[in-house]
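> Provided below are the primary sequence and the corresponding predicted coordinates.
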Amino acid sequence: PEEGGHYITVWAPRQTGKSWIMREVVLTLQQENQFDVVILPLQHLSNVTDVNRVAQVLGRELMEKLSLEKLDINTLEDFRLLFKRETLRKPLILILDEFDGLQEPVIALLVGFFRNIYNTRQNQADKSTVEKDYLLHSMALIGVRTVLGVENVKGSPFNVQRSLHIPNLTHDEVVELFNWYQEESGQSIEAQVVERIWSEFQGQPGLTGWFGELLTETYNKATDKPITREYFEGVYAAAINLLPNNNILNIISKAKQEPYKSFVLELFQTKTKVKFTYRDPIINFLYMNGVVEVEQISLSENYVKFPCPYTQKQLFNYFARELYHEMDRLSDPFEDLSETITEESLNIPQLLRRYEQYLQENQKLVLKNAPRRRDDLRVYEAVFHFHIYLYLTSFLRSYDAQVQPEFPTGNGQIDLLIRHAGQLFGLELKSFANQRSYRKALIQAAKYGQQLGVTSIWLVLFIETVDETNRQRFEIDYTDDATGVTVFPRFVQTGKE
């Protein structure tokens, strides 16, 4: 207490546990009884543009929390009185939650205000405790970004701070979390269920906790029976299609804004990894709002990826339906579809031929409102991935076949899984670029087929045009020696724009 503490920022994307962690800190410090500790939420001040008004409200709340004698706090300069030695009884630790939600000019002035108090305290470091002017011992500013990221023409006003980033849960922590549940409830959970939770949510605290609640409470009616993989799949389907989640709604609201939308669409189709740099304003914004994450290969090699498969699927579903909604009239009601699908079978090559024909016949309609790249005004290749997904979903619905997008790498690779008549069919979607990438795609598809536990998989190659000679040349079945999986490559012509 007799020495000055630090000013820190506590930052991470939304619903990662920032506020929870700091509340735990507050409880610990209060038990030690050496400091006055106050945590103030600032969400209700997010639209206030007058820093003096913000100072009035914070001053009133701080006096109430500390049971201080009422002072007239009308301006930011008056606000300084609350941190004077003659006002406070103990050294004060002040925590401001959702700080970066304030208006930018307000943030800059408040940070400069607290920095001046810090500097004054540092200049008085050699004085006795009694002689020091201020008892503001330390501060924590909680937000989705570090205050160092505040844009200020005069430079960052908070250059005295330390920064604490809240990471996701680790694999071991997720396992431990569900072990606690099993110990406390007596209900067992199959190990593969916990692995799927880790795989789908990658330890994102808000999503992991939310889904854990769905799994163990909301839909958990048979607590005397184990939580199985089959039960997990049902709850996961509800989490994808049925239930709103504030975290996902916020991520979508950020991702659909320009210029961020263009970057996200690029990620869905990228052939090469995008380098992560904190200085890029678009990457910075998307990272701070939980739309993308860092894929760290080494200290010097970092790339952009989606934070977890669940988030990527929700973004994919949103953009697909934003463009095309639901499709109808995909076949004549009197047409015999038995060559394509029956109650017991599904002919994938025939299904892809039907889709290619539909795409070419409706090209103008498909491309009419499709987003285009700014540099060459060409349609994003991801548009065709969105389109085939909704086409297959709509076409197969009457046969109770399920179509599910999967993203095994967290970036541009997309696979569609079709479940029908007790069988699993895997379709890996790619854009045909050249022979080298084609050969790599065959090997990748085989490896993914092995992961799925299937003996064959289809590699769907989108291309503007392909003649019959090259179709016969490249649509040759490939059996991978390492995995034993057979890959069936098939072209889908999109037609020239």
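It's in. Numbering: from 1, shown residues only.
> residue ranges with poor pLDDT in the protein?
For the chain, residues meeting the criterion pLDDT under 70 lie at 124-132, 144-161, 270-271, 326, 408-413, 497.
> who are the neighbours of the longest helix along it, in terms of helices and strands?
Looking across the chain with DSSP state H, the single longest helix is helix 104-123. For helix 104-123, the contact count by 3 or more Cβ pairs under 8 Å, 6 or more residues apart in numbering; DSSP states H and E identifies strand 7-11, helix 51-66, helix 76-79, strand 136-143 as packing neighbours. In short, each C-beta sits where N, CA and C put it, glycine included.
> what's residue 452 in contact with, if anything?
Residues near residue 452 by Cβ atoms under 8 Å, 6 or more residues apart in numbering: 417, 424, 426.
> Restricted to strands, list those.
Those of the contacts of residue 452 mapping onto strands are 417, 424, 426, per DSSP state E.
> what about the closest residue to the first one other than its chain neighbours, is that helix, strand or coil?
Leaving out its chain neighbours, the residue that sits closest to residue 417 by Cβ to Cβ, 6 or more residues apart in numbering is residue 404, at 4.7 Å. Under the three-state scheme (DSSP: H, G, I helix; E, B strand; the rest coil), the conformation of residue 404 reads as strand.
> Would you map the strands across the stretch 251-400 of the chain?
293-296, 302-305 (DSSP state E, counting those that start in this stretch).
> Looking at these, spot the one closest to residue 115.
With Cβ to Cβ as the criterion, residue 115 lies closest to strand 293-296 of those, at 29.1 Å.
> The closest one: how far from the chain's middle?
Distance of strand 293-296 from the chain centroid (Cα atoms, centre = their mean, to the nearest Å) equals 12 Å.
> likewise stretch 44-58?
On Cα atoms, centre = their mean, the centre of stretch 44-58 falls 30 Å from the chain's centre.
> go on, stretch 257-276?
Relative to the chain's own centre, stretch 257-276 is displaced by 14 Å; criterion: Cα atoms, centre = their mean.
> Check the separation of the first and last residues in that stretch.
20 Å (Cα to Cα, to the nearest Å).
> Tell me which residues of that stretch come out buried.
Across stretch 257-276, burial judged by 16 or more other Cβ atoms under 10 Å covers 260, 263-270, 273-274, 276.
> Please report how far the closest residue to residue 138 other than its chain neighbours lies from residue 97.
Spatial nearest neighbour of residue 138, excluding adjacent residues (Cβ to Cβ, 6+ apart): residue 5 at 2.8 Å. Relative to residue 97, residue 5 is positioned 18 Å away (Cβ to Cβ, to the nearest Å).
> of the helices and strands packed on helix 104-123, which approaches residue 164 most closely?
So among those, strand 7-11 is nearest, using Cβ to Cβ, at 4.9 Å.
> what is the orientation angle of the closest one with helix 104-123?
Strand 7-11 runs at 140 degrees relative to helix 104-123, counting by axes from the mean of the first three to the mean of the last three Cα atoms, to 10 degrees.
> Which neighbours in the sheet does strand 7-11 have, and how are they oriented?
Strand 7-11 pairs in its sheet with strand 136-143 (parallel), strand 162-165 (parallel), by DSSP bridges.
> helices or strands next to the helix or strand just after it in the packing?
Of the helices and strands lying after strand 7-11 in sequence (DSSP states H and E), the nearest is helix 18-32. When contacts are defined as 3+ Cβ pairs under 8 Å, 6+ apart, helix 18-32 sits against strand 7-11, strand 36-41, strand 92-97, strand 136-143.
> Now do the shortest one against strand 92-97, angle only.
Using the same axes, to 10 degrees, one finds that strand 7-11 and strand 92-97 are set 30 degrees apart in direction.
> could I get strand 7-11 in PDB with only the CA atoms?
Below are the C-alpha coordinates for strand 7-11, written out as PDB (Å, rounded to 0.1, in the frame of the first residue of the first chain):
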ATOM      1  CA  TYR A   7      -1.900   0.800 -14.400                       C
ATOM      2  CA  ILE A   8      -2.800  -2.200 -16.500                       C
ATOM      3  CA  THR A   9      -5.200  -3.000 -19.300                       C
ATOM      4  CA  VAL A  10      -7.000  -6.300 -19.300                       C
ATOM      5  CA  TRP A  11      -8.100  -7.200 -22.900                       C
END
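> Just confirm residue 282 contacts residue 261, I think it does.
No - counting by Cβ atoms under 8 Å, residue 261 is not a contact partner of residue 282; they are 10.2 Å apart.
> winner for burial among the helices and strands packed on helix 104-123?
strand 136-143 (a mean of 23; mean count of other Cβ atoms under 10 Å).
> hmm, who's touching that strand?
1, 4-11, 18-19, 22, 25, 35, 83, 88, 91-101, 114, 117, 121, 147, 158, 161.
> tell me the phi and psi of the closest residue to residue 447 other than its chain neighbours?
Leaving aside its chain neighbours, residue 447 sits nearest to residue 483 (6.1 Å; criterion: Cβ to Cβ, 6+ apart). Residue 483 adopts backbone torsions of phi -110, psi -20, taken as degrees, to the nearest 10.
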